[in-house]
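the sequence and its predicted three-dimensional model are supplied below.
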Amino acid sequence: MRCKWCNENNPLYVEYHDKEWGVINFDDKYLFEMLILESFQAGLSWECILNKRKDFEKAYDNFDINKVVNYDDNKVNELMINKSIIRNKLKIKASINNAKIFKSIQNEYGSFNNYLITFTNNKILYETSKVTNDLSNNISNDLMNRGMKFVGSTIIYSYLQAIGVIYSHDENCFLYKES
């Protein structure tokens, strides 16, 4: 049995649940990709975003932060007419803005992962049935103070689950474990 949120009729979702979600991955390229995707999830389902992930990857130059930080109005317009991704101008502009802030955090801390460690102390949280906590509140507040958009506590909590900082498989899921 899998977590109740996993649509077992969607092979992409099953693959994501079984092999990626909750698995520790602190590679900055992955951390950037997931932050972009999670920010697009605001108001939508993760399944919707996951189904468009390959299209986002193509549209966002394989999530190459050095390219995304240099996106201009022409690229925004290109993304706005791309029917394969979420065409929300606020989210698109926020993704470029967030990329610049992500890059500045990398420059300040040496990596985005090093930044996250200042909040997590290299610890993994094991908890279920939550959508926010003090950790997601603190990171969200700091990112918003730095100027990021679409990084509320619920989005950051989901992000932390995705990258393995918060391990949240349901108790009846075959991947469930406690610390």
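Yep, that arrived.

how about the strands of this structure, start to end?
For the chain, applying DSSP state E gives strands covering 125-126, 166-167.

quick check: residue 90 touching residue 97?
No - with contact defined as CB atoms under 8 Å, residue 90 and residue 97 do not form a contacting pair (10.3 Å). All C-beta spots, glycine's among them, are computed from the backbone N, C-alpha and C.

any shared contact partners between those two?
residue 149 (CB atoms under 8 Å, 6 or more residues apart in numbering).

hey, which of the strands of the chain is tucked in deepest?
strand 166-167 (a mean of 22; mean count of other CB atoms under 10 Å).

who's more crowded, residue 90 and residue 97?
Neighbour count, other CB atoms under 10 Å: between residue 90 and residue 97, residue 97 has more, with 16 against 10.

what's the neighbour count on the closest residue to residue 151 other than its chain neighbours?
Excluding the flanking residues, the one nearest residue 151 by CB to CB, 6 or more residues apart in numbering is residue 143, at 4.5 Å. Using other CB under 10 Å, residue 143 has 23 neighbouring residues.

so what's residue 143 scoring on pLDDT?
We have a pLDDT of 98 for residue 143.

residue contacts, it?
Residues near residue 143 by CB under 8 Å, 6+ apart: 101, 151, 156.

would you check that the first one makes contact with residue 145?
Meaning residue 101. No - using CB under 8 Å, residue 101 is not in contact with residue 145; the gap is 10.3 Å.

who's more crowded, those two?
Higher neighbour count among residue 101 and residue 145: residue 101, with 17 against 8, using other CB under 10 Å.

how many neighbouring residues does residue 109 have?
Residue 109: 14 neighbours (other CB under 10 Å).

brain fart, residue 48
12.

use 46 as the first number for this chain going forward.
All set: I'll call the first residue 46, so the last point we hit is now residue 93.

mind checking how far it is from residue 57?
11 Å (CB to CB, to the nearest Å).

which residues does the closest residue to residue 139 other than its chain neighbours contact?
Leaving out its chain neighbours, the residue that sits closest to residue 139 by CB to CB, 6+ apart is residue 194, at 3.7 Å. Applying CB under 8 Å, 6+ apart, we find residue 194 in contact with 84, 135, 139, 142, 143.

isn't the third one right up against residue 83?
No - assessed by CB under 8 Å, residue 139 is found out of contact with residue 83, at 11.6 Å.

sweet, I'm off.
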